[in-house]
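S.K.: need the 3D shape of this:
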Amino acid sequence: MPVKRIITKGKVPVKIFTDEIEQSAYKQLQNIAELPFIHHHVAAMPDVHTGIGATVGAVIPTKGAIIPAAVGVDIGCGMNAVRLSLKASELPDNLKRIRSHIEAVVPVGFDMHKSDRARQSTVKTLSSGLNLVLDKHPKIAKQKKPYQVWIRQLGTLGGGNHFIELCLDENQDVWVMLHSGSRGIGNAIGRYFIALAKRDMERHQVRLPDKDLAYFAEGAEHFDEYVAAVNWAQEYAMWNRREMMRFIVDALSCELARFKVTKEAINCHHNYVTVESHYGEQVFVTRKGAIRAGLGELGIIPGSMGAKSYIVRGLGNKTSFASCAHGAGRRMSRTQAKRRFGVEDLEHQTSGVECRKDKSVIDEIPSAYKDIDTVMADQSDLVDVVHTLKQIVCVKG
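M.R.: Numbers count the residues shown, from 1 in each chain. As a prediction, the model looks like this:
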């Protein structure tokens, strides 16, 4: 479907690829469009919903400035998926042992590895980059825990909406799919620079439609340092997913018939900033809960823990800045979900999925999310579906 709604009240238009948008998200998009450095227009994906300052599901092209809160604190959060040379018929009838084995090798929530388990070559490369960031901003290291444990958190899941899934596609091929980001160290970097940007705005008496839209201007103090830090955190998130996938595949090899990894669909960010060319200009593109969907590029769009997910190929849509939705998108807050639903609802909505079904994950219940089929229909101009996946095992943080 084409653009469904357009906001015209800001300095640039906002082009929205859905009719389902709450008023608070609408207002946030309008605020972004008021900023003086937005390039051409803002695009809102079909999974758009309210965030902090910047709307989740927003694609924000900027000239000469970056908004740290638009990138967020889970810098580089994204997806990884691989297809295995296994068919559904080769899986055991009872999948609980597989879930338990994955949970045994991949720490979830606030847990981490008890020792450094990542490849030393990866640690060495990341260490040198982090040291350059900390040389400029040693206060990040004073947030002791995330700094000291970043190596042991490589290859760990985290909490919230992060997950590991075993899925089947339309051909009954087995896939492993996971969702995670830059863990504690990315959070520390994000919070530090968001606060720094706010202080800069106050010091220079810059008036903003929302204080969470504080920004660093190119050429100004801290701009280059933030770019270096955010690039490091994005790289860390990418390697975190790779290390985690390695642990998962090794764990599965102990439980299942001999198999090979036949294809890495993609390892992609959906909370990040990068430099791209759009509408004749080199600009910073911040995708806040959106993935790149350039022409022919593969991407991953997950549903909720009881719904379908999709491997897609981008169509390079100009209006969306070659982007698409990063998932189903929340339709209610975590607090609302906990108030409205109970364990019985969770059990019903995750029927057939080997996963936790206790009150601690009720905020991730499928009904708290938008309908993934509607989201996909709204972005038929943005992506083509390559594979449709349905989870059979889900590990939550």
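S.K.: who's in contact with residue 51?
M.R.: Residues near residue 51 by CB atoms under 8 Å, 6 or more residues apart in numbering: 25, 28, 58, 72, 288, 289. Where C-beta positions appear, they are placed from N, C-alpha and C, glycine not excepted.
S.K.: repeat that for residue 47.
M.R.: With CB under 8 Å, 6+ apart, residue 47 has these contacts: 18, 56, 57, 289, 325, 326, 327, 328, 329, 370, 375.
S.K.: nearest to residue 201 among the residues you listed?
M.R.: Closest approach to residue 201 among the contacts of residue 47 (CB to CB): residue 56, at 22.2 Å.
S.K.: how many other residues sit next to that closest one?
M.R.: A count of neighbours around residue 56, defined by other CB atoms under 10 Å, yields 24.
S.K.: try residue 281
M.R.: Neighbourhood size, residue 281 [other CB under 10 Å]: 11.
S.K.: mind listing what the closest residue to residue 359 other than its chain neighbours touches?
M.R.: What sits nearest to residue 359 in space, not counting adjacent residues and going by CB to CB, 6 or more residues apart in numbering, is residue 343, at 5.7 Å. Counting by CB under 8 Å, 6+ apart, residue 343 makes contact with 357, 358, 359, 362.
S.K.: same check on residue 9?
M.R.: 30, 33 are the contacts of residue 9 under CB under 8 Å, 6+ apart.
S.K.: pretty sure it is in a strand, no?
M.R.: No: under DSSP: H, G, I helix; E, B strand; the rest coil, residue 9 sits outside any strand and is assigned coil.
S.K.: which of the contacts of residue 51 fall within strands?
M.R.: Within the contacts of residue 51, residues falling in strands by DSSP state E are 58, 288.
S.K.: between the contacts of residue 51, which is closest to residue 236?
M.R.: The closest of the contacts of residue 51 to residue 236 turns out to be residue 72 (CB to CB; 14.5 Å).
S.K.: and that closest one, how far is that from residue 60?
M.R.: As for residue 72, its distance to residue 60 is 12 Å (criterion: CB to CB, to the nearest Å).
S.K.: next one: residue 357
M.R.: 37 Å.
S.K.: so, low pLDDT: which residues of this protein?
M.R.: Judged by pLDDT under 70, the chain has its weakly predicted residues at 1, 143-147, 264-265.
S.K.: buried stuff in whichever helix in it runs longest?
M.R.: Determined from DSSP state H, the single longest helix within the chain is helix 223-255. Using 16 or more other CB atoms under 10 Å as the test for burial, helix 223-255 gives 223, 225-227, 229-248, 251-252.
S.K.: still on that earlier bit, out of the contacts of residue 343, which are buried?
M.R.: Using 16+ other CB under 10 Å as the burial test, the contacts of residue 343 include 357, 362 as buried.
S.K.: from the contacts of residue 343, which single one is nearest residue 188?
M.R.: Closest to residue 188, out of all of the contacts of residue 343 and judged by CB to CB, is residue 362, at 28.6 Å.
S.K.: for the closest one, list the residues it contacts.
M.R.: Contacts for residue 362 (CB under 8 Å, 6+ apart) come out as 337, 338, 341, 342, 343, 345, 346.
S.K.: which one (most neighbours) among those residues?
M.R.: Of all the contacts of residue 362, residue 346 has the most neighbours under the rule other CB under 10 Å, reaching 25 neighbours.
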